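Enquirer: give me the fold of what follows.
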Amino acid sequence: MAKRVFVLGLDCLAPRLVFEQFRAQLPHFRRLMKQGSWGLLRSVHPPITVPAWACATSGYDAGQLGLYGFRNRAGHGYEQLSLALAPQVQRPRLWEHLDGRELRCLVLGVPPLFPVPRLAHGAALGCFLTPEGEQTRWSEPPGFGAELQRVLGTAWMFDVAPFRTEKRGELLQRIYRMTQQHFDAVCHLLRQPDWHLLFLVHMGPDRLHHAFWQFFDPEHPQYPGRDNPWAAAVPEYYQFLDRQLGRVLDALPPDVLLLVVSDHGARPLEGGIAVNQWLLERGYLVLKHRPEQPTPWAKVQVDWPRTAAWSEGGYYARVFLNVQGREPQGMIPPAEYEVWRTRLAGEMEALPGPDGEPVPTVVFRPEELFQQCRGVAPDLICYWGNLRFRSVGTVGGPIYWQGNDTGPDGANHDWDGVFLSSRPLQQGGGEVTGLQLLDLGPSLLAYFGLPVPKDAAGKPCWHWQE
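Expert: Now for the predicted structure:
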């Protein structure tokens, strides 16, 4: 009899909250911890939703996939980055391997999953990147989504956008509604007999953290005090999530292995660093007209023949050098490329925090992180304060920002996510160490008795007790 696995992906679920701070209020998470194995799950470079889930489900690192974020350079021109969609993942993902062996997979919202691929023996629903109002490519086969909506009695919720908003009461209602719907769906599907892999990625925790982290965490620089109206939003949601996990455990067939994983964790967002403004002030970036007020990067006019480097905002800074013969109007001679890259990396690492204090900024060359660099990789990858600060792309304002330039935001991503397993790993039950998100896909391939691609960066390191 073929094995069965349910992977419950809870995007951005924070181990600090599950395993420590809220642990006493989460009986079903504790039940799962006692029953099987649990521990920190180290994310990938970069620890961002789209590359992270693509890496986890394929076993290939972000460089091998050519996915360096939500958006990526399509070439060496200066046009805006293109959105990462499912066809850009050029390596087979877990369900494609299983589908080729006639094992039925039900895949819901695992980024990037739009347009939705066709599975010969399974079904899939699109991820949070599915455009609003999309009616044709969000479900394969189309009848799968239609039937699920009929059972649920409501339209499928891909996301709760916009989640960077001041209308937090409305946002919180949408997060709860989406969470309830997604767990209703998997509890329904768990009771179906004809599947081998059920895989859901739910975005609720991620959206909650970005909107509400500053209201419950006294360590957050923007913490308004314990009497603020949103002080209970995060702990109460985690308790609600725990009750939903209890429903899953009650519905879980005894032959199904349950994994609860998050692609990365969360931490207080201490501020932002305007990387392009810093490059401008250091002379690496030259504009035809300097804006007199904060201006999005897409709206500034760059003097490309005089520009050495530019960047994109986001959870980390992707810095690109303007190289002769590579970019259309490159200014850096190829022979001087490493000199420029080394100097710029050193200056970024030396940048102090907003109060002049040293911060542990880390800067990498992509070839230091990835086994291969497909597509157009950044020339430098910078984690400001090692994820204490996010990267702000705006030009024309200060270098140091209190938060995010794209809307209210209280959290940044963190390196460690959550791992829980309903069965103990072979090294024993309870807490385990050294777990890597990149090993998820390869380990499940091995669990199903399928070969693991030899060139995958991830390895089949997780072995469960039978």
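
Enquirer: which positions within the helix or strand encompassing Gln149 qualify as buried?
Expert: Assigned by DSSP states H and E, Gln149 belongs to helix 142-152. Residues of helix 142-152 classed as buried by neighbour count (16 or more other Cβ atoms under 10 Å): 144-145, 148-149, 152. To be clear about C-beta, it is placed using only N, CA and C from the backbone, and glycine gets the same treatment.

Enquirer: and the strands in the stretch 301-450 of the chain, which stretches?
Expert: Using DSSP state E, counting those that start in this stretch, the strands of the stretch 301-450 of the chain run over 309-312, 317-321, 362-364, 380-383, 389-392, 400-401, 411-414, 416-421, 430-431, 435-436.

Enquirer: that older thread, any idea which of the buried residues of helix 142-152 is closest to Pro112?
Expert: Gly145 (17.6 Å; Cβ to Cβ).

Enquirer: contacting residues around that closest one?
Expert: 125, 138-139, 156 (Cβ atoms under 8 Å, 6 or more residues apart in numbering).

Enquirer: what's the closest of those residues to Gln372?
Expert: Leu125 (30.7 Å).

Enquirer: contacts only, for that closest one.
Expert: 107-109, 113, 116, 138-139, 144-145, 148, 156.

Enquirer: likewise Lys459?
Expert: 59, 439, 442-443, 452.

Enquirer: just the mean pLDDT for stretch 449-461, thanks.
Expert: Averaged over stretch 449-461, pLDDT sits at 97.

Enquirer: meant to ask about stretch 436-444, not that
Expert: Mean predicted lDDT for stretch 436-444 stands at 98.

Enquirer: same deal with stretch 317-335?
Expert: 98.

Enquirer: report pLDDT for Leu208.
Expert: At Leu208, pLDDT is 98.

Enquirer: the helix or strand that contains it packs against which elements?
Expert: Leu208 belongs to helix 204-216 when elements are defined using DSSP H and E. On a contact count with 3 or more Cβ pairs under 8 Å, 6 or more residues apart in numbering; DSSP states H and E, helix 204-216 meets helix 168-190, helix 233-251, strand 265-268, strand 411-414.

Enquirer: tell me which other helices or strands the second one touches.
Expert: The one in question is helix 233-251. strand 4-10, helix 27-35, helix 168-190, helix 204-216, strand 256-261.

Enquirer: can I get these in JSON lines with distance to Gln293 and mean neighbour count?
Expert: Output for the helices and strands packed on helix 233-251, formatted as JSON lines (distance: least, Cβ to Cβ, whole Å; neighbours: other Cβ atoms under 10 Å):
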{"stretch": "strand 4-10", "distance to Gln293": "39", "mean neighbour count": "23"}
{"stretch": "helix 27-35", "distance to Gln293": "47", "mean neighbour count": "17"}
{"stretch": "helix 168-190", "distance to Gln293": "27", "mean neighbour count": "18"}
{"stretch": "helix 204-216", "distance to Gln293": "25", "mean neighbour count": "25"}
{"stretch": "strand 256-261", "distance to Gln293": "43", "mean neighbour count": "21"}
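
Enquirer: which secondary element of this structure has the worst mean pLDDT?
Expert: strand 82-83 (a mean of 88; mean pLDDT, DSSP states H and E).

Enquirer: tell me the helix or strand right after it.
Expert: Next along from strand 82-83, by DSSP H and E: helix 94-100.

Enquirer: show me what counts as buried in that next one.
Expert: Quick answer for helix 94-100 (16+ other Cβ under 10 Å): 94-99.

Enquirer: point out where the stretch 101-250 of the chain drops to low pLDDT.
Expert: Counting by pLDDT under 70, the stretch 101-250 of the chain shows low-confidence ranges at 135.

Enquirer: quick one: Gln244 and Val151, what's the gap?
Expert: Per Cβ to Cβ, to the nearest Å, Gln244 is found 17 Å from Val151.

Enquirer: wait, His28 sits on Gln239?
Expert: No - with contact defined as Cβ atoms under 8 Å, His28 does not reach Gln239; the gap is 9.9 Å.

Enquirer: shared neighbours of these two, which are they?
Expert: Joint contacts of His28 and Gln239 (Cβ under 8 Å, 6+ apart) do not exist.

Enquirer: contacting residues around Gln88?
Expert: 65-67, 72, 112.

Enquirer: please redo it, this time with the cut-off set to 10 Å
Expert: Contacts for Gln88 (Cβ atoms under 10 Å, 6 or more residues apart in numbering) come out as 50, 54, 65-67, 72, 74, 82, 112, 374-375.

Enquirer: what's the answer for Ser82, then?
Expert: 71-75, 88.

Enquirer: which of these fall within strands?
Expert: 71-72 (DSSP state E).

Enquirer: compare the contacts of Ser82 and tell me which is most surrounded.
Expert: Asn72 (23 neighbours; other Cβ atoms under 10 Å).
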